[in-house]
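Participant: attaching a predicted model along with its sequence, questions to come.
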Amino acid sequence: MNEGTAGLGIEKFWEVPKSVIELGRSLNSKVPATGEEIVRRVHEAGLGDMFPIMSREDNERIAAEGKIPVLASWKERIVKGELAPDTLLTLAGLASFTADQRQLDDRIRGIIG
C-alpha cells in the first residue's frame, strides 16, 4: 500500500481477519432467522462495514455514480469504518444491475404491450 491508500481498507480485498472468521462460526452455530438478525449480529461483532446503514440519499448517489463509485463521495465513511470498499463496489454493482434490468423490462413491456 502507499500513502494514497492509507485508511481506505484496501487490505479487505485479500485479508480475512479473525473477527470475520469468528462471526462466520457464530452464524454457523446459531443460524440467523432473518436478514435483520444477520445485520444486527454483524454490527454487534464490530463488522458493520459489511452491511452498512445506507440512507435513501446514499442509495441514490451510489446508483447515480455507476458501476465504479467516486471515491471522494465515500472516502470519509470508508476511513471511519462505516463502509468497506468491497461492500461499496458490491452495492454499486447491484444498483447498476437494477438500472439495467429496469431498462430491459421496460423495453420488453414496450414490445409486447
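Facilitator: Now that the structure is in, tell me what you want to look at.

Participant: switch to C-alpha atoms for all contacts and neighbour counts from now on
Facilitator: Noted.

Participant: work out for me the element the residue positioned nearest the centre of the chain sits within.
Facilitator: The C-alpha lying nearest the average C-alpha coordinate of the chain belongs to residue 87 (CA atoms, centre = their mean; 2.8 Å). According to DSSP states H and E, residue 87 maps onto helix 85-112.

Participant: show the residue spans covered by the strands in the protein.
Facilitator: Along the chain, counting by DSSP state E, no stretch forms strands.

Participant: any stretches of it with poor pLDDT?
Facilitator: Counting by pLDDT under 70, the chain shows low-confidence ranges at 1-3.

Participant: how far does stretch 68-81 sit from the chain's center?
Facilitator: A distance of 12 Å separates the centroid of the chain from that of stretch 68-81, by CA atoms, centre = their mean, to the nearest Å.

Participant: which other residues reach it?
Facilitator: Contacts of stretch 68-81 from elsewhere in the structure, counted by CA atoms under 8 Å, 6 or more residues apart in numbering, are 7-9, 48-49, 62, 83-85, 88-89, 92-93.

Participant: let's see that with 6 Å instead.
Facilitator: Stretch 68-81 is touched from outside by 7, 8, 83, 84, with contacts defined as CA atoms under 6 Å, 6 or more residues apart in numbering.

Participant: what's the nearest residue to the third one if we skip its chain neighbours?
Facilitator: Same thing as residue 83. In space, not counting the residues next to it along the chain, residue 83 is nearest to residue 49; the distance is 4.1 Å by CA to CA, 6 or more residues apart in numbering.

Participant: again with the first one
Facilitator: Closest residue to residue 7 apart from its sequence neighbours, by CA to CA, 6+ apart: residue 79 at 5.3 Å.

Participant: ok, that neighbour to residue 20 distance?
Facilitator: Noted for residue 79: a distance of 19 Å to residue 20, by CA to CA, to the nearest Å.
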